[in-house]
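In: Build me a structure from this.
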Amino acid sequence: MNIDLIPLYTNQKDKIDISSIYQLPDEYHSPDIIKVNPLTVKGFITLKENEENELADYIECSITGSVIIEDSISLEEVEYEINTKYDDFSYENWKKDENTLDIFSFLWENTVLEVPLQFTKVKDLSKFHGDGWKLISEDERNQTSNPFNDLLLEMEREGLE
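Out: Numbering: from 1, shown residues only. Take a look at the predicted model:
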C-alpha cells in the first residue's frame, strides 16, 4: 500500500497522517515469523532538514501489535507483542519516481527488527527430556556439580593440564 506524498511536497499539507490499523499481506513472511497480526500505527510523515541540510521525508510514529512466532523450546506457536517507536528519516521504502511511501514494507522492516532470535514462554523445563538427556535452566546448570570437577582439580594439582 502506497501513501501519496505529493501533498507534502507541494506544501498542501504540513504533515501526512499515517495513523491507522494495517494488515500486512501474506507475501510478507519469514522463517521466524509465522503470522503478523494487524499493526496499529500512530504517527506522521513530515519534511525535515537532514544532515546535508536538504528537506527529507521524516517519519515519527509508534507501531503496536503482535506476531505469531515459534517458541524456541517447545516449538509451539506463541504470540509476541510488538511495541516500538520510529523517529527518523526513512529512505528505504520511498518510491521517489512515484512520490510515495510503501507503508507495508516500512512496517515489515520495523516489525522484523523487533522479533527476538530466541523467545520462550516455557517456565517448567522438566517435561523436556529424552533417552539420556534433559533440558535444564541456566540456574540449574550453575548449581549442579560437574562430575569432572574433582578430576580437573586433581589434574591441576599434578600439573597435568
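In: what residue is smack in the middle of the protein?
Out: Among the residues of the chain, the one closest to the centroid is E114, at 1.6 Å (C-alpha atoms, centre = their mean).
In: Contact partners for it?
Out: Taking C-beta atoms under 8 Å, 6 or more residues apart in numbering, we find E114 in contact with 82, 84. The C-beta positions use only the backbone N, C-alpha and C, and glycine is treated the same way.
In: Give me the phi and psi for it.
Out: As for E114, its main-chain torsions (degrees, to the nearest 10) stand at phi -90, psi -20.
In: S90 and D57 touch, don't they?
Out: Yes - if you go by C-beta atoms under 8 Å, S90 and D57 touch, sitting 6.6 Å apart.
In: list residues touching both of the two?
Out: Shared contacts of S90 and D57 (C-beta under 8 Å, 6+ apart): L101.
In: who has more neighbours, these two?
Out: Neighbour count, other C-beta atoms under 10 Å: between S90 and D57, D57 has more, with 21 against 17.
In: Tell me how far the helix or strand containing E156 lies from the chain's centre.
Out: Assigned by DSSP states H and E, E156 belongs to helix 149-158. Offset of helix 149-158 from its chain centre (C-alpha atoms, centre = their mean, to the nearest Å): 46 Å.
In: same deal with stretch 61-75?
Out: 8 Å.
In: Would you mark the buried spots in it?
Out: Within stretch 61-75, the residues that qualify as buried are 61, 63, 65-67, 69-70, counting by 16 or more other C-beta atoms under 10 Å.
In: Quick check: mean pLDDT of the lengthiest strand in the chain?
Out: The longest strand of the chain (DSSP state E) is strand 55-70. The average pLDDT within strand 55-70 is 87.
In: any idea of the angle the next helix-or-strand element following that strand forms with strand 55-70?
Out: Per DSSP H and E, the first helix or strand lying C-terminal to strand 55-70 is strand 77-89. Interaxial angle, strand 77-89 versus strand 55-70 (axes from the mean of the first three to the mean of the last three C-alpha atoms, to 10 degrees): 170 degrees.
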